[in-house]
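Asker: Model the structure of this input:
(chains A and B)
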Amino acid sequence: GENVEQHPSTLSVQEGDSAVIKCTYSDSASNYFPWYKQELGKGPQLIIDIRSNVGEKKDQRIAVTLNKTAKHFSLHITETQPEDSAVYFCAASDSAGNQFYFGTGTSLTVIP
Amino acid sequence: GAVVSQHPSWVICKSGTSVKIECRSLDFQATTMFWYRQFPKQSLMLMATSNEGSKATYEQGVEKDKFLINHASLTLSTLTVTSAHPEDSSFYICSARGRSGISGNTIYFGEGSWLTVV
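Answerer: As a prediction, the model looks like this:
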């Protein structure tokens, strides 16, 4: 089955700096890669996703890149703000979406 | 994005009683719903996958007689924790996936339900 690894587990950045979270996956059949943000005591919220026919996707301060050959994808947050502090999870899924495999999460702290 | 509502958001129950948690997709039909359990500072642990109109598929190590899942309609799935014990206290989260072509294979999460068994 699929194995998704996520690094780092914790990340602290100064407000205004960029944050990068990386994930790798093992199953070449996976072709859908969402990222979720989870604030304390709440359910995860989808913030951006990418499909395998695209190498990069951007939405304002958030971007995701995908390298299918190397089987890794990354979340980039620019101009970080304190409200970006949360736990971020990456996930990988096949085209049917029957299984979503999650990374172990990255706790991001943006220091004002 | 699509909206998934979970209820209750917080529940306290006595040991030995049962508690039901509801997961509703508000603006799309969810052919598949997933139930997760999350411990503090840990990732999501998939408990079971339910497809509308059929029995849920449980992950290894999850007691199906203790965690009853019903997916009776395309917009509602329920998780019932039977004979709850303090060790069942946790954060339970559901997610829902729409039909192919509608929200694609994107899944959306509910807000989660905190269960405390005393």
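Asker: who in chain B is up against chain A?
Answerer: Contact residues (C-beta under 8 Å from any C-beta of the partner chain) of chain B with chain A: B:1, B:4, B:6, B:32, B:34, B:41-44, B:46, B:49, B:91, B:93, B:95, B:97, B:100, B:104-112, B:114. Where C-beta positions appear, they are placed from N, C-alpha and C, glycine not excepted.
Asker: Pass me the low-pLDDT residue ranges in chain A, would you?
Answerer: Along chain A, the model assigns pLDDT under 70 to residues A:95-98.
Asker: if we go to 90?
Answerer: A:1-3, A:28-29, A:31-32, A:40-43, A:51-54, A:93-102, A:104 (pLDDT under 90).
Asker: Strands along that one, start to end?
Answerer: Here chain A has its strands, by DSSP state E, at A:5-7, A:10-14, A:19-24, A:32-38, A:45-51, A:56-59, A:62-67, A:72-77, A:86-93, A:100-102, A:106-111.
Asker: which one of those is the most hemmed in?
Answerer: strand A:86-93 (a mean of 24; mean count of other C-beta atoms under 10 Å in any protein chain shown).
Asker: mind exporting that strand as PDB, just the C-alpha atoms?
Answerer: Written as PDB, here are the backbone C-alpha positions of strand A:86-93 (Å, rounded to 0.1, in the frame of the first residue of the first chain):
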ATOM      1  CA  ALA A  86      -1.500  25.200  12.800                       C
ATOM      2  CA  VAL A  87      -0.800  21.500  12.000                       C
ATOM      3  CA  TYR A  88      -0.600  20.800   8.300                       C
ATOM      4  CA  PHE A  89      -1.200  17.300   6.800                       C
ATOM      5  CA  CYS A  90      -0.300  16.100   3.400                       C
ATOM      6  CA  ALA A  91      -2.200  13.200   1.800                       C
ATOM      7  CA  ALA A  92      -2.000  11.000  -1.300                       C
ATOM      8  CA  SER A  93      -4.800   9.200  -3.100                       C
END
